[in-house]
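In: Prediction below, plus the sequence it came from.
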Amino acid sequence: MKTPLVLREVVEVLEGFYPPATAQSWDRVGLTTGDLDQPVRLVHYAVDPTLAVVEEARDAGADLLITHHPLLLRGVNSVATTTAKGATVTALVVADIALYTAHTNADVAWPGVCDELGRACGLTDLETLTVSEGADLGRLGDLPESISLGDLARRLSSRLPATAGGIRVSGPADAPVRRIAVLGGAGDSLFEEVRRCEADVYVTSDLRHHPALEAREEGRGGPPYLIDAGHYATEFLWLENVRSRLEKALGEIGPAGASVGHHVSTLVTDPWTFTVGAVDIDDIDHTDDSA
């Protein structure tokens, strides 16, 4: 009988891809549950470690759940099942599923979350948008040729998972764009850096009213335009990237690594369910800058 791969070997590969030291100081990454000596025969991948995702991983027979977002980002005093986090930890432990998180260390990695978002935009040659705590944060690149802001939004809509919130855009639909800055996840802290690099459009998510409005005011109606593509959606594409890389790396370890199965969850963990009364691109005057 072949000796299975153990969690310790998988974690070693993951930490080579996404060194924990490169995570932002406020972040909590790495192994949350699991025994480093437990066998790993099936790896499950998801953006969020929700109860539904854990149930899916359990039903699939997964030994390891890799997520982008941490389960225990903020401290807790109890893991009793009276809270959702406690119920999640208990479900993981009872099912003998290890949970490993690569969050901001996956955002800054080459390749990482931001590279996948850049590729979804159509960018190929990417550079660093800015440096935060010594790590490369965000990406910047130029399309082969200019396209309209509306067409860029449509391109992203066709390549990112559909969510209730869809894609929000600020700027004229027919405005030409070529130089694009991207940051997966929440990005309204980098407006100054986006302006400095003279990007035509900034693709990110979780843009709040006041920072976004002030950023557009600074642009006086011109660039940088804004695309808020949703937190979950802008980070989802990374899952296939890490799956592919980990599958290849484990296969190089030997027969035990090659026998490990891999599955990317398609459960949408975006918290919003539906919208009412949203304005669509086809419903506006393309010269209107109020979208």
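Out: Received, thanks.
In: can you give me the helices in the stretch 151-291 of the chain?
Out: 191-196, 209-218, 231-236, 238-253, 255-258 (DSSP state H, counting those that start in this stretch).
In: out of those helices, deepest packed?
Out: Per-stretch averages of neighbours, counted by mean count of other CB atoms under 10 Å, single out helix 231-236 among the helices of the stretch 151-291 of the chain, with a mean of 26. Glycine gets a C-beta too; all of them are placed from N, C-alpha and C.
In: Run through who's touching that one.
Out: Here helix 231-236 makes contact (CB atoms under 8 Å, 6 or more residues apart in numbering) with 47-48, 68, 113, 117, 160-163, 182, 184-186, 203-206, 268-270.
In: likewise stretch 66-73?
Out: Counting by CB under 8 Å, 6+ apart, 14, 27-29, 32, 43-49, 53, 85, 88-89, 99-103, 106, 113, 235, 238-239, 242, 246 sit against stretch 66-73.
In: what's the closest non-adjacent residue to residue 114?
Out: residue 139 (4.4 Å; CB to CB, 6 or more residues apart in numbering).
In: State the helix or strand in which the one you found lies.
Out: For residue 139, the host element (DSSP states H and E) is strand 135-148.
In: and that strand, what does it pack onto?
Out: The contact analysis (3 or more CB pairs under 8 Å, 6 or more residues apart in numbering; DSSP states H and E) places strand 135-148 against helix 104-107, helix 113-121, strand 127-132, strand 176-186.
In: Okay, angle between the helix or strand harbouring residue 45 and helix 238-253 too, please.
Out: Taking DSSP H and E as the definition, one finds residue 45 inside strand 42-46. Angle, strand 42-46 to helix 238-253, by axes from the mean of the first three to the mean of the last three CA atoms, to 10 degrees: 160 degrees.
In: which outside residues touch strand 42-46?
Out: 10, 53, 56-57, 60-68, 97, 239, 242-243, 246, 260-265, 267, 269.
In: quick one: buried residues of stretch 106-124?
Out: 106-109, 111-123 (16 or more other CB atoms under 10 Å).
In: Output the below-cut-off pLDDT ranges for this protein.
Out: 1, 285-291 (pLDDT under 70).
In: Without its sequence neighbours, what residue ends up closest to the spatially most central residue of it?
Out: For the chain, the residue nearest the mean C-alpha position is residue 235 (1.8 Å; CA atoms, centre = their mean). Ranked by CB to CB, 6+ apart and with sequence neighbours excluded, the top spatial neighbour of residue 235 is residue 184, at 4.7 Å.
In: burial of that neighbour, as a residue count?
Out: Burial measure for residue 184: 29 neighbouring residues, criterion other CB atoms under 10 Å.
In: Out of the helices of the stretch 151-291 of the chain, which gets nearest to residue 80?
Out: helix 231-236 (27.8 Å; CB to CB).
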